[in-house]
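K.L.:
What follows is a protein structure lacking sequence information:
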Ligand SMILES: *Cc1c(COP(=O)(O)O)cnc(C)c1O
């Protein structure tokens, strides 16, 4: 093919920072105050407003946000925490990081989130918490999940890393529930380049979050400071917070645009696509998901790496989110093996993420759908 006629590369994700926000970041850089300061406070207040007034604290990654949530919940050695094998590995790594034991339950083949029957079956007397993940921004039956948590007296740390702007029963994810963790990593619907935030229940939990994020320092003692728990270095910078402040007012519009693009995808694939290709489209959600990712499941006859290479040759970026966590070496060494979570294994090996980002246009969607059809449907 003549490279000059090749359409421009379309990535699967692309951050969209507007010029006003870029200018504001410049102002912070000129201000002389770069680390946590007034912008972090303002971002936490704005997040709290968006999340129905709940208490919110920011951190420098979604990963440390979840680790701190587990610490706040008092989870440690001897405790089991149940989560999904299909997530970014951070979701399970943080359980090991606090000294607890990760337990997986298989996923639902349609929503690709934790199967709540299997979750309930995995509960033992040592289970202390569950970490549900809203993969691609699609919530599960959150009411039922909390009923199970209540019945067995479990803490819930919602890994809502992908779900800012998603809703459940008309309410924003994070505006209700127990501990809710978001990520602002570069690919997420709202990004601070790197960052995250935790929604907590009480002032005591908020104080603990502040201690864990900065060396355990608390204001008391002889010199006006004391250290009474082991904290780390997890605070967000004012530079990052400024990026977040610029996008937060648009988060619902971002979700609405992505819902429109997802519908255009489903419309362009059409009702025949699944039967013709053997691939599986995502749930046609119109209410709840912020459509962080648009993912299809390839038929088993198609090797994902080959498909991704074909799409790359057409100048279209794709991704896979995610490999089954339990089959990584670290987890195999802890006793997990093939065959334990068959739905997760099938989806983990066959899932492909198609382009979806805040500035995606209908023409982009049409180009991607034509390319996918050319790769999967043999006339
Ligand atoms: C992005 C993500 C994380 C981790 O967030 P970081 O900010 O990259 O540390 C955790 N879980 C899920 C489901 C994610 O998508």
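P.N.:
All right, it came through fine. Everything quoted here is computed from the prediction, not taken from an experiment.

K.L.:
Just give the number of residues close to residue 36.
P.N.:
The tally of other residues near residue 36 (other CB atoms under 10 Å) stands at 18. Using the backbone N, CA and C atoms, a C-beta is placed for each residue, glycine as well.

K.L.:
What of residue 376?
P.N.:
By other CB under 10 Å, neighbour count at residue 376 equals 19.

K.L.:
before we move on, what about residue 77?
P.N.:
Residue 77: 8 neighbours (other CB under 10 Å).

K.L.:
That one touches residue 99, doesn't it?
P.N.:
Yes: the pair residue 77 and residue 99 qualifies as a contact (CB atoms under 8 Å) at a distance of 4.1 Å.

K.L.:
Any chance you could list what contacts the helix or strand containing residue 81?
P.N.:
Per DSSP states H and E: residue 81 is located in strand 80-83. Residues outside strand 80-83 that contact it (CB atoms under 8 Å, 6 or more residues apart in numbering): 70, 75, 91-92, 95, 100-105, 114, 119, 122-124, 126-133, 159.

K.L.:
How far does the helix or strand following it sit from its chain's centre?
P.N.:
Helices and strands here follow DSSP H and E; after strand 80-83, the next one along the chain is helix 90-97. Computed by CA atoms, centre = their mean, to the nearest Å, the separation of helix 90-97 from the middle of its chain amounts to 14 Å.

K.L.:
Pull out the buried residues from helix 90-97.
P.N.:
By neighbour count on 16 or more other CB atoms under 10 Å, the buried set for helix 90-97 is 90, 91, 92, 93, 94, 95.

K.L.:
got the contact list for it?
P.N.:
Contacts of helix 90-97 (CB under 8 Å, 6+ apart): 62-63, 66-67, 70, 75, 81, 83-85, 101-102, 104, 131, 133, 159, 161, 325, 330-331.

K.L.:
and these, which are buried?
P.N.:
Among the contacts of helix 90-97, those classed as buried by 16+ other CB under 10 Å are 62-63, 66-67, 70, 75, 81, 83-85, 101-102, 104, 131, 133, 159, 161, 325, 331.

K.L.:
ok, and which of those residues reach the ligand?
P.N.:
Among the buried ones among the contacts of helix 90-97, the ones lying near the ligand by CB under 6 Å from any ligand atom are 62, 63, 133, 159, 161.

K.L.:
quick one: the helices in the stretch 51-200 of the chain?
P.N.:
62-72, 90-97, 116-121, 142-151 (DSSP state H, counting those that start in this stretch).

K.L.:
can you redo the buried residues of helix 90-97 as a markdown table with pLDDT?
P.N.:
Listed next are these as a markdown table, based on pLDDT from 0 to 100:
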| residue | pLDDT |
| --- | --- |
| 90 | 98 |
| 91 | 98 |
| 92 | 98 |
| 93 | 98 |
| 94 | 98 |
| 95 | 98 |
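
K.L.:
Residue 343: how many residues sit nearby?
P.N.:
Neighbours of residue 343 using other CB under 10 Å come to 18.

K.L.:
same check, this time on residue 220
P.N.:
For residue 220, the neighbour count with other CB under 10 Å is 10.

K.L.:
Please apply the same query to the one 3 residues further on.
P.N.:
When neighbours are defined as other CB under 10 Å, residue 223 has 6 of them.

K.L.:
Repeat that for residue 310.
P.N.:
17.

K.L.:
Contact partners for it?
P.N.:
Going by CB under 8 Å, 6+ apart, the list of residues near residue 310 reads residue 375.

K.L.:
Tell me the spacing between it and residue 319.
P.N.:
15 Å (CB to CB, to the nearest Å).

K.L.:
now residue 361
P.N.:
Residue 361 is 19 Å from residue 319, by CB to CB.

K.L.:
Kindly report the same for residue 47.
P.N.:
For residue 47, the distance to residue 319 - CB to CB - is 27 Å.

K.L.:
go on, residue 103?
P.N.:
From residue 103 to residue 319 the distance is 27 Å (CB to CB).

K.L.:
hey, what's residue 354 bridged with?
P.N.:
For residue 354, the beta-bridge partners are residue 294 (DSSP bridges).

K.L.:
Residue 312 - nearest residue in space that isn't next to it in sequence?
P.N.:
Nearest residue to residue 312, sequence neighbours excluded (CB to CB, 6 or more residues apart in numbering): residue 318, at 7.5 Å.

K.L.:
surely the one you found meets residue 311?
P.N.:
Yes: assessed by CB under 8 Å, residue 318 is found in contact with residue 311 at 5.0 Å.

K.L.:
I'd like the average pLDDT over stretch 175-188.
P.N.:
Mean pLDDT, computed over stretch 175-188, is 97.

K.L.:
so how far is that stretch off the chain centroid?
P.N.:
With CA atoms, centre = their mean as the basis, stretch 175-188 stands 7 Å off its chain's centre.

K.L.:
Show me what from the stretch 101-250 of the chain comes close to the ligand.
P.N.:
133, 159, 161, 162, 183, 185, 196.

K.L.:
picking that back up, listing partners with orientation, what would you give for the strand holding residue 81?
P.N.:
Strand 80-83 pairs in its sheet with strand 101-104 (parallel), strand 127-131 (parallel), by DSSP bridges.

K.L.:
Show me the shaky parts of the stretch 1-150 of the chain.
P.N.:
By pLDDT under 70, the low-scoring segments of the stretch 1-150 of the chain are 1-5.

K.L.:
closest point of it to the ligand, which residue?
P.N.:
When scored by CB to the nearest ligand atom, the stretch 1-150 of the chain has residue 62 as its residue closest to the ligand, at 2.6 Å.
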